[in-house]
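**Q** got a structure for you, letters missing:
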């Protein structure tokens, strides 16, 4: 008997891998281009937005896109912090401060397997938050 599902299932392992890659590589490149550090991930504070209209400068357009993407990632992280504070902290420590999950497991007297599972859940939640905030522009979720 075939089982019919109305909604596709989220592939948690592949989604976690996509978030890891995004935070370690792509987001780090965005931060480098903006002259900030990936470890400065906090809620966005918009203060220096351009006031005038763009005259079609492609460098300015790409910079505005990078700033917009950076703000969306920060908003997604802020939403994850409200949704799952311990998961957001794990995500931050592992992928932005580059602390190994094994080191974190030792600090909190947990098994590495437990920390990896919590990280996987946090990655899936972050991917959903980012997809929602960016209106599917950045969708790191992988479906089965």
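**A** Now that the structure is in, tell me what you want to look at. On a predicted model such as this, the values are computed, not experimentally measured, just so you know.

**Q** buried residues in the longest helix along the chain?
**A** For the chain, the helix with the greatest residue count under DSSP state H is helix 58-83. In terms of neighbour count (16 or more other C-beta atoms under 10 Å), helix 58-83 has its buried residues at 66-67, 69-81. Glycine gets a C-beta too; all of them are placed from N, C-alpha and C.

**Q** Also stretch 103-118?
**A** By neighbour count, and taking 16+ other C-beta under 10 Å as the criterion, the buried residues in stretch 103-118 are 104, 105, 115, 116, 118.

**Q** Name the secondary structure element that contains residue 19.
**A** Residue 19 is part of helix 12-21, with elements assigned from DSSP states H and E.

**Q** do residue 109 as well
**A** Counting by DSSP H and E, residue 109 is found in no helix or strand.

**Q** quick one: it from residue 132, how far?
**A** Applying C-beta to C-beta, to the nearest Å, one obtains 34 Å for the distance of residue 109 from residue 132.

**Q** among the helices and strands of this protein, which has the poorest mean pLDDT?
**A** Among the secondary structure pieces of the chain, namely its helices and strands, helix 27-34 has the lowest mean (mean pLDDT, DSSP states H and E), a mean of 83.

**Q** That one to helix 58-83, inter-axis angle?
**A** With axes from the mean of the first three to the mean of the last three C-alpha atoms, to 10 degrees as the basis, helix 27-34 and helix 58-83 are set at 130 degrees to each other.

**Q** Output the contacting helices and strands for helix 27-34.
**A** If you count contacts as 3 or more C-beta pairs under 8 Å, 6 or more residues apart in numbering; DSSP states H and E, helix 27-34 packs onto helix 58-83.

**Q** which helices and strands sit right next to the helix it packs on?
**A** Short answer (3+ C-beta pairs under 8 Å, 6+ apart): helix 58-83 packs on helix 27-34, helix 85-91, helix 112-133.

**Q** Relative to residue 7, tell me which of those helices wins on proximity.
**A** Nearest to residue 7 among the helices and strands packed on helix 58-83 is helix 112-133; the distance by C-beta to C-beta comes to 13.2 Å.

**Q** and for the closest one, what are the contacting residues?
**A** The list of residues contacting helix 112-133 from outside it, by C-beta atoms under 8 Å, 6 or more residues apart in numbering, reads 10, 12-13, 15-16, 18-20, 72-73, 75-77, 79-80, 83-84, 86-88, 90-91, 94, 101-102, 104-105, 108, 138-141.
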